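Asks: Test case, fold it:
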Amino acid sequence: MKQISISMLTICGIDELPTHRSSAVSHVLSMIDPDRDDPDVFTHYSPHERTLLRFHDIIDDKADMIAPSPGIVEEVLRFGEVLKNTVDQRSNGHLLVHCHMGVSRSTAAMLTLMAQAQPDLDEDSLFNELRTIRPIAWPNSRMIGYADDLLGRDGRLVAALHRHYRAQLDRDASFDEWMRSLDRGREVDQGWAV
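Replies: Have a look, this model is predicted:
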């Protein structure tokens, strides 16, 4: 995965973080709810660079919740620029991106980083790579929409996201009920409509 200026990519949820303590993680992108305590597991990791973003995993505005915004996706892209600009300072690296469950915010962020680092790679190939890294990926559609705009992908990332949702629904129909229970029915409908 040298396309992202780092040799190993991992996506996980908070409960999985302890399993990566001995994985020589060099960079961490954390996305957690604003009211959640910061995981203390990182004190047991080897020295690494870490960026923490706090927002909720929602696709529609809700009272008293912080939705993904263009500014948050810009922060993800700045993180990607740091990876690119520091590549000559390391012989390899291990990027770990996590959110609460390793399903939505983290997979959207990883897809954004991959699209940024590989501007000539077609969108369906990016989602295929994402499914290889995290088979349960269900990227947050709001984040992908902002990434599409910021990266100048002209709607192609969003269209590929809908195809990705369909692939996930075809692979495991339980995504339908699960995502609808999280107020993500619009994403499910987008997948079924493909």
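Asks: how about the strands of the chain, start to end?
Replies: For the chain, the strands defined by DSSP state E cover 8-13, 27-32, 49-54, 94-99.
Asks: how about CSV for those strands, with mean pLDDT, mean neighbour count and distance to residue 60 added?
Replies: Backbone N, C-alpha and C define where each C-beta goes, glycine included. Below are the strands of the chain laid out as CSV (pLDDT from 0 to 100; neighbours: other C-beta atoms under 10 Å; distance: least, C-beta to C-beta, whole Å):
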stretch, mean pLDDT, mean neighbour count, distance to residue 60
strand 8-13, 95, 19, 23
strand 27-32, 97, 22, 18
strand 49-54, 96, 15, 19
strand 94-99, 96, 25, 18
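Asks: Throw these into CSV and include distance to residue 66, thanks.
Replies: Listed next are the strands of the chain as CSV, based on distance: least, C-beta to C-beta, whole Å:
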stretch, distance to residue 66
strand 8-13, 19
strand 27-32, 11
strand 49-54, 7
strand 94-99, 14
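Asks: My read is that residue 9 contacts residue 133, right?
Replies: Yes. Using C-beta atoms under 8 Å, residue 9 is in contact with residue 133, at 5.4 Å.
Asks: Quickly list what's touching both of those two.
Replies: When C-beta atoms under 8 Å, 6 or more residues apart in numbering defines a contact, the residues bordering residue 9 and residue 133 alike are residue 110.
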